[in-house]
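Asker: sequence first, then the predicted structure:
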Amino acid sequence: MVTLETLNQWLSAPSENENLEFKEAKQQFDSTKLMRYCVALANEKGGYLVFGVTDKAPRRVVGTQAFSTTAELNKIKEQIVQKLRIRVETTELNHAHGRVLVFEIPSRPDGQALDFDGAYLMRAGEGLMPMTPDQLRRIFAEGQPDWFSQYAKENASADEVVALLDTQTYFDLLKLPYPTTREGVLERLSDGRLIVKVADGWAITNLAAILLAKKLDAFSSTLARKAPRIVIYEGVNKLQTREDKTGNKGYAVGFEGLVDFVHSAAPQNRSIEQVVREEVKMFPKQALRELIANALVHQDFLASGASVMIEMYGDRVEISNAGKPPISVERFIDEYRSRNERLADLMRRLGICEEKGSGIDKVVEAAEVYQLPAPDFRVGEFRTTAVLFAHQDFSVMSKADRIRACYQHCCLMYVSNKRMSNQSLRERFGGSESKAATVSLVIGATKEAGLIKADESETNSTRYARYLPYWA
């Protein structure tokens, strides 16, 4: 039940989420737009649409006259039932600063996505957009065994299980002693739901195969196509390929070798070498490790014929995976949500992934230490791409590069319980006191882009100003 206490809790929340939307709607609200939001929230498993509250933080009640009579409310609720086949509930709250109207939207049925005039909608920031193909596939697959629980091989003998899966690596990564009997090995795999006892032996799940396969193509061509592919180009474009290599081992089995191969292929970072007086690769190994692990974990396994791609150029490395991220790229540093929780959990336990939410922090921190431009995270129609750039002097960085670096530095400071200042940003760029005015321009441009804001709780002094990410 929604009460004034519930409303106060919502108002104090740091940000909207996929299940909560605020609209001022002081005088009215378009019924078509209302139904589109109902569809989007239902597709997010239900939520609340709140009228009479500002949608910009800090939120405050302004009151609403939308659907102000019982007849109007009943009419729109009836239209929603007829058009969308869902029943919404409404609550009117008499707040001291005005009337607040709350629409409670139920979840869509399992395995079904709601549409409005053929458009399957979801929320995107403050607006709405069509759902991505991978999100729709995931919804339509609900009620069926998830991809990881499906069988990569059925009716395998005990000998075949051990022959197909690198069980030694599994126990080594878990830091467990290898069982003295084959039955002990099978029992442990079974307890982890990696293999399942069936009438004629054992079924090896996709999760077991994708992580522990000695050879992915020993299972199927479909699994083999999930292996990461590494392409190294001569120069800064795709015109000339130096090496094109596709893996064949399970992710856990081949991960360290994959990271070592990519790292060794990177050019040298001459700028850092001059400081530390030793050979240093252009792309920090920790950053490569985190980005490759992220791409493996967050890929859309329902996308056919798509694999993780690692493409290295003379001035950058691009690491991409199938599917769009469940959160916006601006929140990669402080938020975490995986479409493949079982895979992510097991890869964390195997020591391949970091704890939730810390991986991108390490990527951004490594870029700062190695004096690299800020990494760029790009979302395309079907793929998500992370880009690490080679070293660039501050003087030749583009405005977009500087703004991105400023925002990421501000986020990194915030999640470390610190605050960005002109001095901290100068140090990030490797600049001296003389660069203070130039760095101030970068901070101003980042504020103008709506990515950071002044921390007014600290000081109102421009000279000693501290800054927060826009979402803090």
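Answerer: Now that the structure is in, tell me what you want to look at.
Asker: would you mind pulling the contact partners of stretch 141-157?
Answerer: Contact with stretch 141-157 is made by 110-111, 160, 164, 193, 195-196, 198-210, 219-220, 223, 301-302, 340, 342-343, as judged by C-beta atoms under 8 Å, 6 or more residues apart in numbering. The way it works is simple: take the backbone N, C-alpha and C, and place the C-beta from them, glycine included.
Asker: please parse the protein into its domains.
Answerer: Following automatic domain parsing, one gets these domains for the chain: 4-131, 147-220, 229-389, 400-469.
Asker: let me have these in a markdown table, adding mean pLDDT, distance to I139 and mean neighbour count as columns.
Answerer: Formatted as a markdown table, those follow (pLDDT from 0 to 100; distance: least, C-beta to C-beta, whole Å; neighbours: other C-beta atoms under 10 Å):
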| stretch | mean pLDDT | distance to I139 | mean neighbour count |
| --- | --- | --- | --- |
| domain 4-131 | 91 | 5 | 16 |
| domain 147-220 | 95 | 14 | 17 |
| domain 229-389 | 88 | 11 | 18 |
| domain 400-469 | 89 | 31 | 17 |
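Asker: L425 and L412 touch, don't they?
Answerer: No - the pair L425 / L412 is not scored as a contact, 11.0 Å apart, by C-beta atoms under 8 Å.
Asker: what are the phi and psi angles of S68?
Answerer: Backbone torsions of S68, given as degrees, to the nearest 10, read phi -80, psi -10.
Asker: tell me who's in contact with it.
Answerer: R99.
Asker: how close does the closest residue to A119 other than its chain neighbours sit to A295?
Answerer: Leaving aside its sequence neighbours, A119 sits nearest to P130 (C-beta to C-beta, 6 or more residues apart in numbering; 5.7 Å). Distance, P130 to A295, by C-beta to C-beta, to the nearest Å: 24 Å.
Asker: likewise for I443?
Answerer: Here I443 is placed at a distance of 32 Å from A295 (C-beta to C-beta).
Asker: likewise for N155?
Answerer: Distance from N155 to A295, by C-beta to C-beta: 33 Å.
Asker: with adjacent residues omitted, what lies nearest to Y37?
Answerer: Nearest to Y37 is L49, by C-beta to C-beta, 6+ apart, at 5.4 Å.
Asker: contact partners of whatever helix or strand that neighbour lives in?
Answerer: According to DSSP states H and E, L49 maps onto strand 47-51. The contact list for strand 47-51, computed with C-beta under 8 Å, 6+ apart, reads 2, 7, 10, 18-25, 29, 34, 37-38, 41, 64, 66-67, 100-105.
Asker: next step: those residues restricted to helices.
Answerer: Among these, the members found in helices (DSSP state H) are L7, W10, L34, Y37, C38, L41.
Asker: the third one: what's it in contact with?
Answerer: Spelled out, that is L34. Shown in contact with L34 (C-beta under 8 Å, 6+ apart): L49, I76, I80, F103.
Asker: who's the first one bridged to?
Answerer: For L49, the beta-bridge partners under DSSP bridges are E21, F103.
Asker: would you mind measuring from it to A436?
Answerer: 46 Å.
Asker: ok, the third one next?
Answerer: According to C-beta to C-beta, I80 stands 56 Å off from A436.
Asker: equivalent analysis for the second one, please.
Answerer: I76 sits 56 Å away from A436, taking C-beta to C-beta as the criterion.
Asker: relative to N19, how far out is the residue nearest to Y37?
Answerer: To N19, L49 is 10 Å away according to C-beta to C-beta.
Asker: what does the host helix or strand of A400 rub up against?
Answerer: Using DSSP H and E, A400 maps to helix 399-415. By C-beta under 8 Å, 6+ apart, the surrounding residues in contact with helix 399-415 are 330, 333-334, 361, 364-365, 367-368, 373-376, 389, 392, 394, 397, 419-420, 424-425, 428-429, 442-443, 445-446, 449, 451-452, 467-469, 472.
Asker: secondary structure element holding the spatially most distant residue from the centre of the chain?
Answerer: Among residues of the chain, the one most distant from the C-alpha centroid is A71; the distance is 43.5 Å, by C-alpha atoms, centre = their mean. Using DSSP H and E, A71 sits in helix 70-84.
Asker: ok so, going back, could you dump the contacts of L34 to TSV with distance to M309?
Answerer: Listed next are the contacts of L34 as TSV, based on distance: C-beta to C-beta, whole Å:
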residue	distance to M309
L49	39
I76	47
I80	43
F103	43
